[in-house]
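Peer 1: How does the following fold in three dimensions:
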Amino acid sequence: MRPLNTTLVGLVLAASVTASWADRKPPAPPPLVVFSGAIGVDPLTAAGGVDTLNVVRGISPGGRAWVLRKLAATVAADGSVRISGRGLLFSSGDLIGTRGTVTNVLATLACGPSDATARKFNSPMTTLDAAGDFSIRGVLSEDGINAAVMPPTCDNPVLLVRSANATTGAAGNWFAAGIPGVSDD
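Peer 2: Next up, the predicted model:
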């Protein structure tokens with residue numbers, strides 16, 4: 001083999017090794033909590049035979065019943081989230097089977113046993129399409145500005161899918177809750 005060919009082969013090998021290292025993704029952070037499946041909101045709950053608002057972790061429900069056909073969510077230890085929802089729609093009233101006027105949602109993760117002690121983390125806002133489907137990717141925040149520093153464990157986790165104001169990004173009422181479980185990914 002001539003010196004020029006040897007040099008060319010060496011350059012090609014070096015470029016392919018460099019390219020394979022550049023294509024490698026860093027390992028995903030370990031999951032803090034995973035949700036698989038969902039429960040739609042029933043805005044009223046019976047307490048001692050009296051209907052009261054179904055408030056969860058201090059967050060009020062939407063005004064009508066909703067259903068969420070499918071939910072998969074992973075919250076990593078670094079606060080990054082991957083949430084996919086399908087079929088978030090009204091399950092009662094004249095708007096049944098539609099998203100009504102709701103066009104944006106976000107998710108709130110609460111870690112802790114009660115409203116008084118739970119830490120709450122919000123995801124970025126995303127669009128809710130006409131079929132009630134949405135996908136959230138990003139990092140959780142406690143203050144709406146900075147990435148959250150997550151606790152080492154999330155005791156009694158609750159994940160609520162909520163309306164979001166398209167102009168301000170403010171979180172509204174909750175429509176569905178994730179079921180803690182094992183990821184299908």
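Peer 1: after the least confident helix or strand in the chain by mean pLDDT comes which helix or strand?
Peer 2: Among the helices and strands of the chain, helix 3-23 carries the lowest confidence by mean pLDDT, DSSP states H and E, at a mean of 52. Note on helix 3-23: by DSSP states H and E, the next helix or strand toward the C-terminus is strand 31-40.
Peer 1: check contacts around the residue nearest to P43 when sequence neighbours are not counted.
Peer 2: If the residues on either side of it in the chain are set aside, P43 comes closest to P61, at 4.2 Å by C-beta to C-beta, 6 or more residues apart in numbering. For glycine as for every other residue, the C-beta is placed from the backbone atoms N, C-alpha and C. Taking C-beta atoms under 8 Å, 6 or more residues apart in numbering as the definition of contact, the neighbours of P61 are V41, D42, P43, L53, N54, V55, N173, W174, F175.
Peer 1: Pick out the one among these with the largest number of neighbours.
Peer 2: Note: the member of those with the most neighbours is F175, at 29 neighbours, neighbours being other C-beta atoms under 10 Å.
Peer 1: ok, so what distance separates it from P61?
Peer 2: Relative to P61, F175 is positioned 8 Å away (criterion: C-beta to C-beta, to the nearest Å).
Peer 1: Give the residues shared as contacts by those two.
Peer 2: V41.
Peer 1: element containing T153, please.
Peer 2: If you go by DSSP H and E, T153 is not part of any helix or strand.
Peer 1: so the residue lying closest to P151 once chain neighbours are set aside bridges to which residues?
Peer 2: On the basis of C-beta to C-beta, 6+ apart, the spatially nearest residue to P151 that is not a chain neighbour turns out to be C111, at 5.8 Å. Beta-bridge pairing for C111 (DSSP bridges): R119.
Peer 1: wait, C111 sits on N156?
Peer 2: Yes: applying C-beta atoms under 8 Å as the test, C111 and N156 come out as touching, 7.4 Å apart.
Peer 1: what about those two, which has more around it?
Peer 2: In terms of neighbours (other C-beta under 10 Å), C111 is the more surrounded of C111 and N156; the figures are 21 against 13.
Peer 1: For that one, give its distance to C154.
Peer 2: When C-beta to C-beta is the yardstick, C111 and C154 sit 4 Å from each other.
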